[in-house]
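A.B. asks: how would this look folded up:
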Amino acid sequence: MTKQLFSPDDQLLQRLWEPLQHNHLFVLAFILLSGYLLGRLARRVGLPEITGFILAGLFAGPHLGGVVQERIAADLQLLAEIALAIIAFTVGSNVLRSTLARAGRAVAFLATGHVVGGLVFVTLFLTLAGLPFSAALVMGVLAGGSSPGTVVAVVQSVRARGPFVEHLFGVVAVATAITITAFGAVLSFLPVFAQVEGAPPITLPAALTAAIGDVVLSVIVGVIGGTALHLVTRRRTDRGRTVIVTFGILLVTTSLALAYEFSTLLSNMALGIVYINLSRIPHTVMETIRSWSPPLYAVFFVLAGAKLDPAVLADTVVLFYGLVYVAARIAGSYAGTSAATRVCASTPEIRRYMPLCLVPQAGVVLGLVLVLVDAPILETLPPPLSAALAQTVTITLLAVLIKEIVGPPISAFALKRGATTADS
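C.D. replies: Numbers count the residues shown, from 1 in each chain. Predicted coordinates:
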């Protein structure tokens, strides 16, 4: 339910406010300025700037302040898509060929440990808590998703660098690909788990093949985009043309992924990986991306905060499952990544602090939840399971609410201790 800023009795204030409330430019300005103010306040009290952005959206969103109405937020979603494309590109552009050669094995083990640990712990403990196994399994798969946007924002906020950060970006990229693949396979396989009569026969290899096919096509779109960006920008040119070409190719890549229902995150990560490893003069494009990032990040995270509804805290059943999910995911990630670090002999800093950097969870899991909400397969499942899967959406939103508020400070803490910073 959308909240109004003023009561009907405040007629004069309402008449003055209403034209502004429906003005996209004013709401966009409010998003930027409120994000700036709360982001600055967050930094003053020792929290990362992104926490201020999310709180600004929470307070100004349709569920509390009512400044950012749902319709306006939906209209501004285009800017959030552009921000997400930049975030994914930034993650990919930090995965260098030299890093993969030096630490590719460790990155693969860490990402797999994070995903598998979260899958096992979340599925087990939610099943023990009373959620149907199929619904708990879906939540377990979602547990592998991280928050690339939060990772990028926190890394930039604390000015972290070095091998720890290289490992972190690689883990985020690989874990995203694994999670999207696993989610597609599990979603296809749900009728078999639920023992639905008359369901079309499907095998696990077939489900995996279909899911991997979507991932491969997403990556192909990004590879083409990254190659095109390299070819167009390989000769030094003026900054204005570089801005135009860079954003044009980012938008084409994103639009192709959206139009054909591929993963925009994977496509733009692949774009970043290909470009950074082909180009000999990547600094011009990267400076372009960095200069446009701050306002788009602010819009992205304020709008993300506006989607969070604190009313879910009032549902005791959802709150219980949500807390079990959050605790099990953190414990599973820690157990999985810790086991992986022992196999690949990672540094003590990576073993202690990498799992804490993966606590935030938003972009990937929210996108997959939206796929789950609209999935036609839900109509073929028994009503109790369909209801349980619908409940997982609310549980996930609650978990995102918790993790996007407490996660960034935890990640910042871990980065300051695990990575080299510009101040050190």
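A.B. asks: Over to L38. Which of the three states is it?
C.D. replies: The three-state assignment at L38 reads helix, by DSSP: H, G, I helix; E, B strand; the rest coil.
A.B. asks: List the contacts of the nearest residue to it once chain neighbours are set aside.
C.D. replies: Closest residue in space to L38, ignoring its immediate chain neighbours: G52 at 3.6 Å, by CB to CB, 6 or more residues apart in numbering. In short, each C-beta sits where N, CA and C put it, glycine included. Residues counted as contacts of G52 (CB atoms under 8 Å, 6 or more residues apart in numbering) are G35, L37, L38, G39, R40, L41, A42, R43.
A.B. asks: who's in contact with the second one?
C.D. replies: Spelled out, that is L37. By CB under 8 Å, 6+ apart, the neighbours of L37 are G52, A56.
A.B. asks: mind pulling up the phi and psi values for R241?
C.D. replies: phi -70, psi -40 (degrees, to the nearest 10).
A.B. asks: Actually, P132.
C.D. replies: Per degrees, to the nearest 10, the backbone of P132 is at phi -50, psi 150.
A.B. asks: ditto for T347
C.D. replies: According to degrees, to the nearest 10, T347 has phi -70, psi 160.
A.B. asks: how many neighbours does it have?
C.D. replies: Applying other CB atoms under 10 Å, we find 15 residues neighbouring T347.
A.B. asks: Would you mind measuring from it to A101?
C.D. replies: 18 Å (CB to CB, to the nearest Å).
A.B. asks: With S157 instead?
C.D. replies: On the measure of CB to CB, S157 and A101 end up 29 Å apart.
A.B. asks: Among these two, which residue is more densely surrounded?
C.D. replies: Between S157 and A101, counted using other CB under 10 Å, the more crowded position is S157 (20 against 9).
A.B. asks: Help me confirm that the more buried one comes into contact with P48.
C.D. replies: Yes. With contact defined as CB atoms under 8 Å, S157 reaches P48; the gap is 4.6 Å.
A.B. asks: which residues are common contacts for those two?
C.D. replies: Contacts common to S157 and P48, judged by CB under 8 Å, 6+ apart, are A412.
A.B. asks: Show me where the stretch 51-200 of the chain has its helices.
C.D. replies: For the stretch 51-200 of the chain, the helices defined by DSSP state H, counting those that start in this stretch occupy 70-75, 77-93, 97-129, 133-142, 148-158, 163-193.
A.B. asks: Name the nearest residue to H22, ignoring sequence neighbours.
C.D. replies: I72 (7.3 Å).
A.B. asks: burial measure for S386, as a count.
C.D. replies: Around S386 there are 16 residues (other CB under 10 Å).
A.B. asks: Which helix or strand contains it?
C.D. replies: Per DSSP states H and E, S386 falls inside helix 383-418.
A.B. asks: mind listing what the spatially closest residue to T123 that is not a sequence neighbour touches?
C.D. replies: Once flanking residues are discounted, T123 sits nearest to G140: 3.5 Å by CB to CB, 6+ apart. By CB under 8 Å, 6+ apart, G140 lies in contact with G118, L119, V120, F121, V122, T123, L126.
A.B. asks: residue ranges with poor pLDDT in the stretch 151-300 of the chain?
C.D. replies: Low-confidence segments of the stretch 151-300 of the chain (pLDDT under 70): 191-208, 236-237.
A.B. asks: Could you export the contacts of G52 as a markdown table, including distance to V343 and pLDDT?
C.D. replies: Shown next, in a markdown table, are the contacts of G52 (distance: CB to CB, whole Å; pLDDT from 0 to 100):
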| residue | distance to V343 | pLDDT |
| --- | --- | --- |
| G35 | 41 | 90 |
| L37 | 46 | 93 |
| L38 | 42 | 91 |
| G39 | 39 | 87 |
| R40 | 43 | 89 |
| L41 | 43 | 91 |
| A42 | 37 | 84 |
| R43 | 38 | 81 |
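A.B. asks: Thank you, goodbye.
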